[in-house]
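Q: Provided below for reference: sequence and predicted model.
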Amino acid sequence: MVMYMNIINKIKNIIIGNWRNITGYEDEESKKRLEICNSCDKVITIHGSKICGMCGCFIKAKTKVKSEKCELNKWM
């Protein structure tokens, strides 16, 4: 049951992050997170989109969800 809740929470965060990305939402925390990700050597670019090489998330979306964290503990 815990595994299913983790999957549901991850899907919820993906939806929230992408919605905030589409609507142009930004706050200071998400800006700082994005700066950290952009300077990380694990980030890869695929078709113009930056993706975390550790978790596979689109960094512009992931950095906009307060409950997300960096897999390398660079931000929380």
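A: Now that the structure is in, tell me what you want to look at.
Q: any idea how far residue 26 is from residue 18?
A: In this view, residue 18 and residue 26 are 14 Å apart by Cβ to Cβ, to the nearest Å. Where C-beta positions appear, they are placed from N, C-alpha and C, glycine not excepted.
Q: Would you map the helices across this protein?
A: 2-23, 28-38, 59-62 (DSSP state H).
Q: Most tightly packed of the ones you listed?
A: helix 59-62 (a mean of 22; mean count of other Cβ atoms under 10 Å).
Q: helices or strands up against that helix?
A: Judged by 3 or more Cβ pairs under 8 Å, 6 or more residues apart in numbering; DSSP states H and E, helix 59-62 is in contact with helix 2-23, helix 28-38, strand 49-52.
Q: for these, which one sits closest to residue 61?
A: Of all these, helix 2-23 sits nearest to residue 61, with 3.3 Å by Cβ to Cβ.
Q: List the buried residues for stretch 55-74?
A: Residues of stretch 55-74 classed as buried by neighbour count (16 or more other Cβ atoms under 10 Å): 57-65, 68, 70.
Q: In TSV: these, plus distance to residue 37.
A: Shown next, in TSV, are these (distance: Cβ to Cβ, whole Å):
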residue	distance to residue 37
57	10
58	10
59	4
60	9
61	11
62	8
63	6
64	11
65	13
68	11
70	8
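Q: Next, count neighbours for residue 52.
A: Per other Cβ atoms under 10 Å, the neighbour tally for residue 52 reads 19.
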